[in-house]
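1. fold the following, please.
(2 chains)
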Amino acid sequence: MRQGMPGWRRLKGLIRKESFQIIRDPSSIAIAFVLPAVLLFIFGYGVSLDAKNVPLALVVEQPSPATASLTGDFQDSQWFEPKHFNDIHSAQEALRHREVMGILWLRSNFTRELFSGGPAPIGLFLNGVDGNTARIVAGYVQGVWGKWLVRYAQSQGRELTMPVDVQQRIWFNPEVRSTNFLVPGLIAVIMTLIGALLTSMVVAREWERGTMEALLVTPVRLREILLGKLIPYFVLGMGGQILSVAMAVWLFEVPLRGSLWVLMGVSALFLLAALGMGLLISTVAHNQFVAGQLAIFTTFLPAFILSGFIFDIGSMPGWVQAITHVIAARYFVQVLQSVFLAGDVWPVILVNSVALVIMTALFMGLVRLRSRKRLE
Amino acid sequence: MALLKDKTSRMTLIIPPLFQLLIFSYAASFDLNQVNYAVYNQDPGIASRELLGYFKGSPAFKLTATLDHLGQVAPAVNEQKVLMVLHIPQDFTRNMLEGRSGQLQVIIDGRNSNTAMVLLGYINTIVTSFSTQWSQDHGWGSPPAELKVRTWFNPNLESRWFIVPGIVGLLTLVVALVVTALSVAREREAGTFDQLLVTPLHPAEILIGKALPGIIIGLAEGSLIVFLTVNMFGVPMLGGLGALYLGMALFIISAVGLGLMISSIAVTQQQALLGAFLFLVPAVILSGFATPIANMPELVQNLTLLNPLRYFLVIVRSVFLEGAEMSLLLPLYWPMAVIGVVTMIIAGWLFRNRLY
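-> As a prediction, this is how the structure comes out:
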């Protein structure tokens, strides 16, 4: 039934043809290498959730050594860029005009209350439009204020004991650097796009030009055609992947604590799934144009929002979490974040790898089904 | 008009964006809900139980596991079964009853750094509540100073209120850009565009004629999304529609101008789409849609000044959440007007000088 030897020869011929096509048509190379580099650059430098140099209005109604030491701490902090205002109203105007993110208000009775033992009021007004940043800024303010409180008490010769002393340990990312967590996820998003674009547009182009039908009247089997397309683009995709990882580690200084082999292994699995998605799209689309659009809408955008790369899946509503299970990028993002930041966490790696294998098998199966249908 | 008659274009223009708006709006959030956590409590006393009770009562947290020895902590965090572990040593209550601080060790998975920061904030809030209560109950005396936080505009700090209005800008940009870019490219492919150029029509008139469908469709879709944002997602609309629509009109004009520019360079529809996409991706990422512009490096921040989406996003959010008036938004209106005019002029020039 299946003739092994001639089949292999046919496959090699197909691979050679595809490779020549790639070399002669730079668009595939551009997609595999230029696109990830450009995207990594833009995202890597443009996307950051860490607020720095936050403009903060300081309103001190009655200056005193105590208020000076508190505002001094804010001045020295790298998180803030304090701006002094004479009264609360001009500060509020500044907040309204978005010149500052928040207002720290030390009322006129601050120093008096401080020395008389009652809680001296410190008011913090925040612009809550960007809720996430507001929360982070509030956290920073509490941090600076908390430290000042302890120092101030010591300077008064008192030990300040709070009932609970929180010792925080942030594992895997002690500097809490958002780039460390965004860039690995970014690699997954980019690979999704590349994998899908490479195959979907290329195969759709062949259907469009009619060269696909021409291929099919030769003794070549459908299986070999698909493999012949997959293998060269797989190599290309892995090249793009290596480039992305290199950029992540050397340009963005993301630590790679797990083994490189594991990383590449899972990347290969994911690439297969992405290529499978692209092939599936190409069987549905009638031309390159639609193929490209479909690739973007069904792979890139969902990968961006629903893969856990930037928005935490655990906090999404239940039904959305269910949807994320069919997004292949989700599994890859989990592995990437762990392998880069935590090391080889085998349970995480294995579970997600199995999911990726299942998805790849699913896609390939669907591709075979649809390709057969298309021929009839 | 030809565009509207083309049913398939209509389908691809309206269905995917709405569909995506729906899912993304529910998914896109930085707020934490039901965070899985584990507790390793070695303390037999009441203080730890009281403190843990605060965590149990918070909707942000969900107790998934109670650990009973140290070796269980690492696997729980490594394998992402929990995002956080609270470890209370055995002398916690004893310390507190004797007037010393009780030690609470919090271990957080830092793989998602934003989640970690937000978690820390929640934890500090809870610990502060507990500490205040404990101090009162046990006569510890109040802390010398107290921080009172008040948030303007978004008291619950719902990040969805920040992101969903942004989607108005995002989808309007995509639609206006793609519609315009494709319309010219399609005519060019059909050859009818060159015919247009040799008619006595002034190039400005051709320009406006091509721009109009994009503007109308953009306004229509934008309005629909605004409607959904208020009625389906419950984002409050504090400001006036006038300020919003002035911003939207100027924004769409600049988007259409950019679309025309792209289409004047592209020869085929494929190229037009590619060009639109190439502009869209960085434009969206670097617009302050999900991540603040203020966090970007200086150089990048200056680049964003050329991006009309950046201004429109601020307008949308200000009108929705802050109730901003036109006078306040003036510094945001004029850059978009400038971009619109400049791109239109360039597009007109390119039309004439690139006859293919």
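2. residue boundaries of the strands in chain A?
-> Here chain A has its strands, by DSSP state E, at A:54-60, A:80-85, A:102-106, A:120-127, A:164-171.
3. any idea which of the ones you listed is most buried?
-> Greatest average neighbour count among the strands of chain A goes to strand A:102-106 (a mean of 24), per mean count of other CB atoms under 10 Å in any protein chain shown. Any C-beta I mention is one placed from the backbone N, CA and C, and that applies to glycine too.
4. now do the SS call for residue B:62.
-> strand (DSSP: H, G, I helix; E, B strand; the rest coil).
5. ah, wrong one, I meant residue B:146
-> strand.
6. and it, bridged to which residues?
-> Beta-bridge pairing for residue B:146 (DSSP bridges): residue A:121.
7. contacting residues for it?
-> A:119, A:120, A:121, A:122 (CB atoms under 8 Å, 6 or more residues apart in numbering or on different chains).
8. format these as JSON lines; extra columns: pLDDT.
-> JSON lines is the format used below for those (pLDDT from 0 to 100):
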{"residue": "A:119", "pLDDT": "77"}
{"residue": "A:120", "pLDDT": "80"}
{"residue": "A:121", "pLDDT": "82"}
{"residue": "A:122", "pLDDT": "85"}
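9. okay if I get the strands of chain A as TSV plus distance to residue A:218?
-> Below are the strands of chain A laid out as TSV (distance: least, CB to CB, whole Å):
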stretch	distance to residue A:218
strand A:54-60	66
strand A:80-85	69
strand A:102-106	70
strand A:120-127	67
strand A:164-171	57
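10. most distant residue from the centre of the chain?
-> This is for chain A. residue A:116 (50.7 Å; CA atoms, centre = their mean).
11. oops, chain B please
-> Chain B, CA atoms, centre = their mean, max distance from centroid: residue B:98 (48.7 Å).
12. nearest residue to residue B:259 other than its sequence neighbours?
-> Once flanking residues are discounted, residue B:259 sits nearest to residue B:180: 3.1 Å by CB to CB, 6 or more residues apart in numbering or on different chains.
13. which SSE is the one you found in?
-> helix B:159-190 (DSSP states H and E).
14. what is that helix packed up against?
-> Packed against helix B:159-190 by the contact rule (3 or more CB pairs under 8 Å, 6 or more residues apart in numbering or on different chains; DSSP states H and E) you find helix A:131-155, helix B:2-5, helix B:7-27, helix B:192-197, helix B:203-233, helix B:241-265, helix B:269-285, helix B:308-317.
15. ranking the strands of chain A by mean pLDDT, which is last?
-> Ranked by mean pLDDT, those end with strand A:164-171 in last place, scoring a mean of 82.
16. tell me if that one is near chain B.
-> Yes. Contact of strand A:164-171 with chain B (CB under 8 Å from any CB of the partner chain) involves A:164, A:165, A:166, A:167, A:168, A:169, A:170, A:171.
17. one more: stretch A:267-286?
-> No. Contact of stretch A:267-286 with chain B (CB under 8 Å from any CB) is absent, the minimum separation being 11.0 Å.
18. tell me the mean pLDDT over that stretch?
-> Stretch A:267-286 comes out at a mean pLDDT of 85.
19. now it, how far from the centre of its chain.
-> 21 Å (CA atoms, centre = their mean, to the nearest Å).
20. likewise stretch B:264-278?
-> That offset, for stretch B:264-278, works out to 27 Å (CA atoms, centre = their mean).
21. who touches it?
-> A:288-289, A:292-293, A:296, B:177-178, B:181-182, B:184-186, B:188-189, B:259, B:262-263, B:347, B:350-351, B:354, B:356.
22. okay, now the unreliable bits of chain A?
-> By pLDDT under 70, the low-scoring segments of chain A are A:1-7, A:117-118, A:158-160, A:286, A:288-289, A:372-376.
23. could you say what helices and strands the longest helix along it packs with?
-> The residue-count maximum for a helix in chain A (DSSP state H) belongs to helix A:178-209. Counting contacts by 3+ CB pairs under 8 Å, 6+ apart, helix A:178-209 is packed against helix A:35-46, helix A:211-216, helix A:222-246, helix A:260-284, helix A:288-295, helix A:301-306, helix A:328-341, helix B:113-137.
24. this completes my enquiry, with thanks.
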